[in-house]
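A.B. asks: Sequence first, predicted coordinates after that:
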Amino acid sequence: MASTAACESIEDSLKLSGKKSFAGIPEATFVEDVDAYMKDREGVESILRQLDEQHGKYKFMELNLLARKKKLKSQIPDIQKSLDMIQVLEAKKKTNELIETHFLLSDLLYSRAIIEPTDKVCLWLGANVMLEYTLEDAKALLEKNHETARKNLSQVHHDLDFLRDQMTTTEVNMARLYNWDVKRRQALNAK
């Protein structure tokens with residue numbers, strides 16, 4: 001249900017902006033009539049090279065989007081775990097209970113720790129930066145980051161679908177132009 005609403009809002013935001021892709025992926029035009037298309041142009045080989053170059057660019061964009069998707073898919077559960085831990089800390093603070101846990105010192109080496117009720121937490125922000133936040137501020141930041149990551153993931157999904165359509169259109173255009181050239185050469189050889 002939530003993903004359907006997210007998809008609808010993504011479609012709405014794209015319609016408002018007049019774009020078909022968040023990443024600025026150029027749209028491939030389908031060659032409807034190859035004869036009319038080739039009438040104004042010379043050299044099928046150069047057009048096929050351009051289409052092949054465009055297809056290569058689409059493949060490169062796909063690799064980048066897949067890497068971004070992988071990063072976001074690993075980031076969302078991490079953010080959710082942090083949110084869950086903040087809820088545990090808030091609950092233990094209300095009941096004034098100690099938390100007994102184990103934390104990782106190095107590979108396969110853990111240490112036992114007892115955490116007293118607290119109203120502050122430290123968050124890794126990246127690039128070896130850690131900041132201390134109140135539980136409320138940390139929760140607000142993580143919820144904002146979680147929502148942004150989910151939105152970005154749905155945008156990447158949309159862009160991947162759009163990109164695959166453009167790749168297919170380009171491949172079909174290449175095949176149609178190649179077949180047109182083969183038929184043209186066969187007709188010239190028959191004469």
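C.D. replies: In hand now; what should we look at?
A.B. asks: show me where pLDDT drops low in the protein?
C.D. replies: 1-18 (pLDDT under 70).
A.B. asks: Now do the helices in it.
C.D. replies: 2-17, 34-39, 44-95, 135-190 (DSSP state H).
A.B. asks: Make TSV from the ones you listed and add distance to Ala113 to it.
C.D. replies: All C-beta atoms are positioned from the backbone trio N, CA, C, and that covers glycine. As requested, the helices of the chain are exported to TSV (distance: least, Cβ to Cβ, whole Å):
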stretch	distance to Ala113
helix 2-17	36
helix 34-39	70
helix 44-95	13
helix 135-190	18
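A.B. asks: now the residue most central in space within the chain, nearest residue through space, not along the chain?
C.D. replies: In the chain, the centroid-proximal residue (Cα atoms, centre = their mean) is Val156; its distance is 2.9 Å. Leaving aside its chain neighbours, Val156 sits nearest to Lys69 (4.8 Å; criterion: Cβ to Cβ, 6 or more residues apart in numbering).
A.B. asks: is it true that that neighbour touches Asp161?
C.D. replies: No. Look at Lys69 against Asp161 with Cβ atoms under 8 Å: they stay out of range, at 11.7 Å.
A.B. asks: When the two are compared, which one has more neighbours?
C.D. replies: Shown here are Lys69 and Asp161; by other Cβ atoms under 10 Å, Lys69 has more neighbours (16 against 10).
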